[in-house]
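# Give me the fold of what follows.
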Amino acid sequence: MFVLANCNAVAGPAKAPEAALPQDATRLDQAARMIVRVTLIGRNCAPFYAVDQAQLQEIGTALFSQSLDRFGQDRLLKAMNVAETEDTAALRESGAAFWCPLQRAYLNSLRMRGLIGRQR
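Numbering: from 1, shown residues only. The predicted model follows:
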């Protein structure tokens, strides 16, 4: 599974490319949140729901690679750390049994059905 880590061993540019200007901040945040979210879903929802681990990992890895190229390592890892802190707090506060159905509804709204299946 894709692992979140704050490390410097990530391949890709350390600085954001010139094309990544402040107007990309929203897209960076969205990408970081989705990378973190699919990772947390894979880790926390599988005990409660049928989860397509392979598809979640594929989505996370592809999005990470694209975002790394677009935003640079420093910006992406910083945004991912913020997203991980916030999403992990929300997960802990509500509990996986409540958080996972919300994620299923969110993914379904994005037409990403089937990543979180029926309850176990």
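# other SSEs contacting the helix ranked longest in the chain?
For the chain, the helix that runs over the most residues, judged by DSSP state H, is helix 73-94. With contacts taken as 3 or more CB pairs under 8 Å, 6 or more residues apart in numbering; DSSP states H and E, helix 73-94 sits against helix 25-44, helix 53-71, helix 96-109. For every residue, glycine as well, the C-beta is placed using N, CA and C.
# what about 7 Å?
helix 25-44 (3 or more CB pairs under 7 Å, 6 or more residues apart in numbering; DSSP states H and E).
# list the buried ones in the helix it packs on?
28, 31-44 (16 or more other CB atoms under 10 Å).
# From the contact counts, what lies against it?
helix 53-71, helix 73-94, helix 96-109.
# who's in contact with stretch 92-108?
Stretch 92-108 has contacts (CB atoms under 7 Å, 6 or more residues apart in numbering) with Arg37, Ile41, Asn44, Cys45, Phe48, Tyr49, Ala90, Leu91, Leu115, Ile116.
# Would you confirm that Met34 contacts Leu63?
Yes - using CB atoms under 7 Å, Met34 is in contact with Leu63, at 5.8 Å.
# So for Val51, what's the nearest residue that isn't a sequence neighbour?
Cys45 (5.2 Å; CB to CB, 6 or more residues apart in numbering).
# hang on, I meant Leu63
Nearest to Leu63 is Ile35, by CB to CB, 6+ apart, at 5.3 Å.
# got a list of what the one you found touches?
Per CB under 7 Å, 6+ apart, neighbours of Ile35: Gly60, Leu63, Phe64, Met80.
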